[in-house]
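Q: Give me a 3D structure for the following:
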Amino acid sequence: QVQLVESGGGLVQPGGSLRLSCVVSGASVSVTTMGWYRQVPGTPATEREWVAAIIRDGETHYTPSVSGRFSISRDIAKNTIYLQMTALKYEDAAVYYCNEFRENWRKISSWGQGTQVSVSS
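A: You can find the predicted model right below:
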């Protein structure tokens, strides 16, 4: 079973930056399309949204609201994926999760604990 441990969240001012990490076990990030997701605290899981994905060949994709500000990457040797976030906005505040990315990702039942990103002046 895939295990995911996210870290790197915190409180940042608008315009600031954070780098999130996700250590993956039970799957290889070199052959598994991985993604970052986020969910505003207090909202149901059905409100979780996809943020970014990195596919097997390293190609990356982003939801429009973060394109140009966020960057997803991976370290195959560490079996870890990252999300570099810059120019953070109030609306980026959420709990961020990593997981496999696939078309029916909403049916994934196993998630990590996530890492919370707060944006406040």
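Q: What count of nearby residues applies to the closest residue to Ser28 other than its chain neighbours?
A: The shortest distance from Ser28 to any non-neighbouring residue, by CB to CB, 6 or more residues apart in numbering, is to Asn79 (6.5 Å). (Each C-beta comes from the backbone N, C-alpha and C, glycine too.) Residues contacting Asn79 under the criterion other CB atoms under 10 Å number 17.
Q: Let me know the distance separating Asn79 from Ala94.
A: Separation of Asn79 from Ala94 (CB to CB, to the nearest Å) stands at 24 Å.
Q: picking that back up, so what's the residue nearest to Ser28 up against?
A: Counting by CB atoms under 8 Å, 6 or more residues apart in numbering, Asn79 touches Val23, Val24, Ser25, Ser28, Val29.
Q: What residues of the helix or strand where the second one lies count as buried?
A: So that's Val24. Per DSSP states H and E: Val24 is located in strand 18-25. Using 16 or more other CB atoms under 10 Å as the test for burial, strand 18-25 gives Leu18, Leu20, Ser21, Cys22, Val23, Val24.
Q: of those residues, closest to Glu49?
A: Nearest to Glu49 among those, counting by CB to CB, is Leu20 at 15.3 Å.
Q: How about the contacts made by that closest one?
A: For Leu20, the contact set (CB under 8 Å, 6+ apart) comprises Glu6, Ser7, Gly8, Gly9, Trp36, Tyr82, Leu83, Met85, Tyr96, Cys98, Thr115, Val117.
Q: any idea how far Trp50 is from it?
A: Remark: distance between Leu20 and Trp50 (CB to CB) = 15 Å.
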